[in-house]
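1. Okay, here's the prediction I keep looking at, along with the sequence it came from:
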Amino acid sequence: MDSELVTDSLSARSDERGGGDKGRQPLLRYRKTFEDQFPFYLSIGMTPEMYWDGDCTLAKYYRKADQLMRNRRNEELWLQGFYIYEALVDSSPVINAFSKVHKPLPYRSEPIPLTEAEAKKQEEEAERRRMEEDKAKFIEMVNEFNKKFERKEGEVNGD
């Protein structure tokens, strides 16, 4: 009886009573399915004890975690490709013999922002730097104006 499927014993009983479906296929052997899936779950980090004796919902969570890791890895590789592409485009003036400018564009000073918060922070930082540069230019312009004004004042006073 150990090797007999539940469906075999049920159909035998129903045949004894005069009913049953003689052309009916036996139900899926679950042990075979579990054994076929076992290497996959080992590859994503489940231990044999967790797979065979642990909570059955762990398999679902391990599959979900594996999918999240695959998605994260895919995004990392895409971002790496984007950086490589950008570097090639920025260096293309050097490579192109017909280019009027033979100087490559500078490499990014900051990484590409991945979230809206990072993008906003980078934008604010860039705006702050622009304001600092404008402030320095304005102070330089005021100093130049003051020097000219002092020279003219000195010439008028006879110095």
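-> Ah, there it is.

2. Helices of this structure, residue ranges please.
-> Ranges of helices in the chain, per DSSP state H, are 6-16, 30-43, 48-53, 57-95, 116-157.

3. Give the other helices and strands that the fourth one contacts.
-> Meaning helix 57-95. Contacts of helix 57-95 with other secondary structure elements, assessed using 3 or more Cβ pairs under 8 Å, 6 or more residues apart in numbering; DSSP states H and E, are made with helix 48-53. (Glycine included, C-beta is placed from N, CA and C.)

4. So which other helices or strands are in contact with the helix it packs on?
-> helix 30-43, helix 57-95.

5. Give the buried residues for it.
-> Buried positions in helix 48-53, judged by neighbour count with 16 or more other Cβ atoms under 10 Å: residue 51.

6. got the helices of the chain as TSV, with mean pLDDT and distance to residue 102 columns?
-> Formatted as TSV, those follow (pLDDT from 0 to 100; distance: least, Cβ to Cβ, whole Å):
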stretch	mean pLDDT	distance to residue 102
helix 6-16	48	78
helix 30-43	91	50
helix 48-53	94	60
helix 57-95	93	6
helix 116-157	88	27
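
7. All good on my end, thank you.
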